[in-house]
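Asks: What follows is a protein structure lacking sequence information:
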């Protein structure tokens, strides 16, 4: 390791640029064959929409891996198979053999034109377009993440510098012949003498100090048990950003109990498998910030493998083994036992967005507690929020009466009784 | 006027004991527990810990605790791997099923959360009812201590297949040798199981089926067989009755499974008609307590009175004996004849001849109440066959015994003969849900599932075919008895398939299996009526009955309690802590004795200054068998009779705390509930009772109960100042008498907007059965505190049922006016106390609109909700107990300890299985906070949320509380008074409605309906 440190800066720069040039040269050379990008793009689009749920290029899924399939079968055979494999099987013995690959019969695609099938096949031959920026993408951009205390040190340094400059300026002016003043320390001494004799000031200071002390003590004590920002390390690097943000999956697709139940429900592994049965790898450029480390494709693919382990899914044999292993998630939002909270009341009846309490989950790689979840926080919202009563017959009578009583258009939740102790504590 | 009556709760109170008077002034009977904590002065002074050290420790621990508290615990959330379709975490699922444990039979609904049953409620569509025991059965499911977990052979765990192989080989060997094998079960009342058993017997012709019920009703069954050709129990449609005469039949208790629903249905005063019920009995039973007229008569005289009644009604002249109650018997004969087919006679004497006489009287009356077609199948036990079996076993004539869920070693009076015979067997297999002595003594112990884990069908009566379905995955490695018998008969069918095939082909007809399973029952459209030529010669029967009855100085009447019943659920802490409706004692059985006998033999129940009562021990000998049992002096007990409850004294495998009481089965010779030639002798020793009787007096305020006669109810204006039966309290205001509820210190809450909940309790319909008490336990996670704590008045029941005795004499004050000396008054009162009237009053938080507790709470932990509920925020409570002090109803309960996860209170909240019964919607309270009835706010809120989610108004009568849904007779009605269609809205305005202690102006949201008794006046 020591030798690495001895490298001069110049050699390092030189080495780096050399490698970059080499890489470019290599990638360009591998890209030198002539690719019809339009056909590739069209083929890829069709493949992703029609074939990808059962096929991958490089890996067996429900169906076989399709990379280089053109070299294995005749073009006509493939077209006949793709358009209607069931019909084709009646006339072709190879087709019958091919159908035995999987117990699931392949869908027929009679709607595809010759050109479209050719495009798909072209895509299976040339593969995905290579990214031109790949060479530089190797180096991840290091964000300067200055910690908070640095700012204080900087501020302190500025103040010290300012004092030094002020001192220097004063000395200069004195050297220039200005009358020598008493000096800041000496005058402070006078103030201290005066302060010592003034009882009122002393009392004032004591009160001030006591109040400050009380303020900070209470401030600290009130934060005990408030876990705002709590973000425990989960057993699987599951990113809400990738799922709810990038892929726009609805919160309630996974947290389906939220509209029926008091709990939002941690999705069971079979819900994960609805998608991940077919998605065993992340896209190449997926990045997840996880516990201070950037996870790339290799790490994330391993995380998906954890789901397979939990569900007892054999990713090679493509079948369930029955050896399940439930995932032990760490609970992020912990309400005390004595507080009753019901998701369905807020989601189904109140029509709240999940983000109202859980924050911008779609931007969080690692889930954290966004709101303080204190009683004050609950009550504040209950005091402000006006109840949306449209179309809910339950409220029609009570609302007219309450609106008359409080002389308002729309009553708040608190006016409806949402501030009573017994509504949440039983 | 009703308020002239003297109401009292205990013998000591009646005597005017100074202790009771002092106690009545204290909210908490015991001083605070620091006395125990700090010990006496001497130890305190000798202690090496100085005050300074103490403060140091306190300081250190406080600091350490607060530091430790800064970091919250890490909680895990483990979802299903594959979520079942019908389970949504946090949402309850209800399943209809049936309970049949050999003694209790019910069509029920089971509430499950995340796949675990947490509550049992009656299936009202199936006309189902629940008792305290049925309600508590859900906790017995989680009895980790007692349930069998793995099949065993001689105590060693064995696999099911090995057990099948070994037992199968043995059975085949016994079959080949044609040696007798007996299948001994309790009553199962399951048609498909009966079929499986008959197939088992076909496959093993050397096998025989014997039915054994620990509590025998063999007399009635044998009488039915002799008179009507069917060995079943008759049914009684008491709802249609005009006159009911019962000789010791506790039909609101366990007689033929109980008839409280039908009985109360015939006693609705607003219809203008109520049945007239006269009870001749020796023990004070629930039925006697609810009767219009209770005639105290010792067991032998009951027999003679029954014969005398027969003579009077039929005009025959069978030899009998005169009894002290003959005048009443004559009067009842006239009354019955007047009622004709609307009259009925029942007898609880478990004797074929006595039952035949009662049947004959009903035949003579041509009674419609007495039903021999829609009969009951819930007690099929045959004592003669059981006795034969025991003697055969002892003689070595039986080679194999397969028992299912019975424990004859505990419950047979000649259990030593049984144990001896058991040792001689070549094969003994015990199939059982719970461990017991019989299981322990058998070669093989094969675990069977609890009924909540089982498939099955039931036929309690001829009409309703009930289905049983599992509500939870089996907790242990169990297999149903039906599956076992099928496999031993060489039938590979699973019982589920067998049951489905049986039900669809033999019962359901055109109806679908899924519908029947969803409903939990299927009602047959018609029942068979077969005619039978009886060969019973009634005169011979009467003669035999007369000759067999030999009166003795003391006669023992064995009975079952509402709590433990036959003792199957003795390891259930809810039932042990459940106070007996009559004596209000929990965790015990005892010898009940009349006041006169007690005085003669020197027994008493002194009240200690901590409010607990003590008792003396008696040695009871019957036919050479002896038990030592504490004595409880019982007002209303017949002189010359004593009572003792069965079902207690079980010890094998039970937790130490539950090993309470005395096993009275040893005295239960021949299954006869009446034993003659009893001697009672006082022996030394003092027994400590855990009795809630004395503690909870209501501070001498005697305007708590209101009772009216049917005649007054119908003809006298309720508020009539002279003769009214529901006169509101009056106060002086501006020197004028005004109704107390017209003036007020406080501002009114606005009760018009939104929901406003009221609970109406009809004292006429409340039989005091206590199903609501256990339902409240289950719904609200009410802790069990154990015998010691109950003894010092720290029971946690949110809902209790107060039992008041009343005497028809004038009050003590009026006696003074009459110039009676104190001694004379006492004697007059005591004579009356030999047979007091009894009234039950369920008492829970009254949810006062002007609540005294709210105003004194220094931290506003208890506050008033707009919906009428008095809310208790546990997390806000600091435990000053001011509220309890200021509550005139004494319904607030203080958590003196942590009752969960505490080895000192080793009940269901201290083990992982027992905790599965907890309701996740209600918090488990911690030490130092006050708690009380919340009017099931979690249930009302859930109902509201359901309506909101469905975007509709709350339906009529949709609101429920645990107690109101558990109530069999409909005495408790809950609802929203602001919804005029809700039943409770009308009840709140009823002329019978009143508030307890209305002069205090607390304006409760719990309304009581004046008790109406049919005194049979014209």
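Replies: That came through, no problem. Predicted, not measured: the structure shown is a model, and the values here were computed from it. Numbering: from 1, shown residues only, chains lettered A, B, ... in the order given.

Asks: And the closest residue to chain A within chain B, which helix or strand is it part of?
Replies: Chain A sits closest to residue B:871 of chain B, with a gap of 2.8 Å, by CB to the nearest CB. No exception for glycine: its C-beta is placed from N, CA and C like everyone else's. In the assignment (DSSP states H and E), residue B:871 maps to strand B:870-872.

Asks: Report pLDDT for residue 242.
Replies: Chain wasn't specified; assuming chain A. Residue A:242 carries a pLDDT value of 94.

Asks: oops, I was thinking of chain B
Replies: Value for residue B:242, per-residue pLDDT: 94.

Asks: go on, residue B:640?
Replies: Reported pLDDT for residue B:640: 94.

Asks: Check the one 4 residues further on too.
Replies: Residue B:644 is assigned a predicted lDDT (pLDDT) of 96.

Asks: for chain A, what are the nearby residues on the stretch 901-1018 of chain B?
Replies: B:921-924, B:934, B:937-938, B:941, B:944-945, B:947-949, B:951-954 (CB under 8 Å from any CB of the partner chain).

Asks: how many neighbours does residue 115 have?
Replies: No chain was given, so I picked chain A. 10 (other CB atoms under 10 Å in any protein chain shown).

Asks: hmm, I had chain B in mind actually
Replies: 15.

Asks: Just list the residues touching residue A:43, thanks.
Replies: Counting by CB atoms under 8 Å, 6 or more residues apart in numbering or on different chains, residue A:43 touches A:119, A:120, A:121, A:122, A:123, A:124.

Asks: That one should be in a helix, yeah?
Replies: Yes: checked against DSSP: H, G, I helix; E, B strand; the rest coil, residue A:43 lies within a helix.

Asks: any idea which helix or strand carries the nearest residue to it once chain neighbours are set aside?
Replies: Once flanking residues are discounted, residue A:43 sits nearest to residue A:123: 2.9 Å by CB to CB, 6 or more residues apart in numbering or on different chains. Using DSSP H and E, the element containing residue A:123 is helix A:114-126.

Asks: Give me the mean pLDDT for that helix.
Replies: For helix A:114-126, the per-residue pLDDT averages 85.

Asks: what's in contact with it?
Replies: A:35-36, A:39-40, A:42-44, A:46-47, A:50-51, A:57, A:66-71, A:75, A:78-79, A:82-83, A:112.

Asks: before we move on, the earlier item: distance of the residue nearest to residue A:43 from residue A:46?
Replies: In this view, residue A:123 and residue A:46 are 8 Å apart by CB to CB, to the nearest Å.

Asks: And for residue B:443?
Replies: 72 Å.

Asks: Let me know how buried the one residue in the stretch 201-350 of chain A that gets nearest to chain B is, in neighbour terms.
Replies: Proximity to chain B, evaluated over the stretch 201-350 of chain A using CB to the nearest CB, is greatest for residue A:261 at 3.4 Å. Residue A:261 has 19 neighbouring residues, counting by other CB under 10 Å.

Asks: sorry, back to before: hang on, the residue of chain B closest to chain A packs against residue A:419?
Replies: No: in this structure, residue B:871 is not within contact of residue A:419 by CB atoms under 8 Å, at 11.6 Å.

Asks: Same question for residue B:732, what's its three-state structure.
Replies: Strictly by three-state DSSP, residue B:732 counts as strand.

Asks: beta partners for it?
Replies: residue B:737 (DSSP bridges).

Asks: Tell me which residue in chain A sits closest to chain B.
Replies: For chain A, CB to the nearest CB, closest residue to chain B: residue A:422, 2.8 Å.

Asks: Now do the contacts for residue 309.
Replies: In the absence of a named chain, this looks at chain A. residue A:325.

Asks: Chain B was what I was after
Replies: Counting by CB under 8 Å, 6+ apart, residue B:309 has contacts B:245, B:329, B:332, B:333, B:336, B:345, B:361.

Asks: and which of these is nearest to residue B:677?
Replies: The nearest member of the contacts of residue B:309 to residue B:677, counting by CB to CB, is residue B:329 at 25.4 Å.

Asks: I'd guess that closest one is in a strand, am I close?
Replies: No: counting by three-state DSSP, residue B:329 is located in no strand; its state is helix.

Asks: how much distance is there from the host helix or strand of residue B:61 to the middle of the chain?
Replies: Here residue B:61, judged by DSSP H and E, is contained in helix B:51-70. Computed by CA atoms, centre = their mean, to the nearest Å, the chain-centroid distance of helix B:51-70 equals 48 Å.

Asks: list the buried ones in it?
Replies: By neighbour count with 16 or more other CB atoms under 10 Å in any protein chain shown, helix B:51-70 contains no buried residues.

Asks: Give me the contacts around the helix or strand that it is followed by.
Replies: Using DSSP H and E, the helix or strand that follows helix B:51-70 in sequence is strand B:76-77. The contact list for strand B:76-77 (CB under 8 Å, 6+ apart) reads A:266, A:328, A:329, A:330, A:331.

Asks: Alongside chain B, which residues does the stretch 101-250 of chain A contribute?
Replies: A:224, A:225, A:227, A:232.

Asks: Quick check: pLDDT value at residue B:691.
Replies: 87.

Asks: cool, the one 3 residues further on as well?
Replies: pLDDT, the model's per-residue confidence, is 61 for residue B:694.

Asks: Can you report how many residues lie near residue A:382?
Replies: With other CB under 10 Å as criterion, residue A:382 counts 18.

Asks: what's near enough to touch it?
Replies: Applying CB under 8 Å, 6+ apart, the residues near residue A:382 are A:412, A:413, A:414, A:418, A:419.

Asks: Drop anything exposed from those residues.
Replies: A:412, A:413, A:414, A:418.

Asks: So which bits of the host helix or strand of residue B:200 are buried?
Replies: Element membership for residue B:200, per DSSP H and E: helix B:191-203. By 16+ other CB under 10 Å, the buried positions in helix B:191-203 come out as B:191, B:192, B:193, B:194, B:196, B:197, B:199, B:200, B:201, B:203.

Asks: before we move on, what about stretch B:151-171?
Replies: B:151, B:152, B:153, B:158, B:160, B:163, B:164, B:166, B:167, B:170, B:171.
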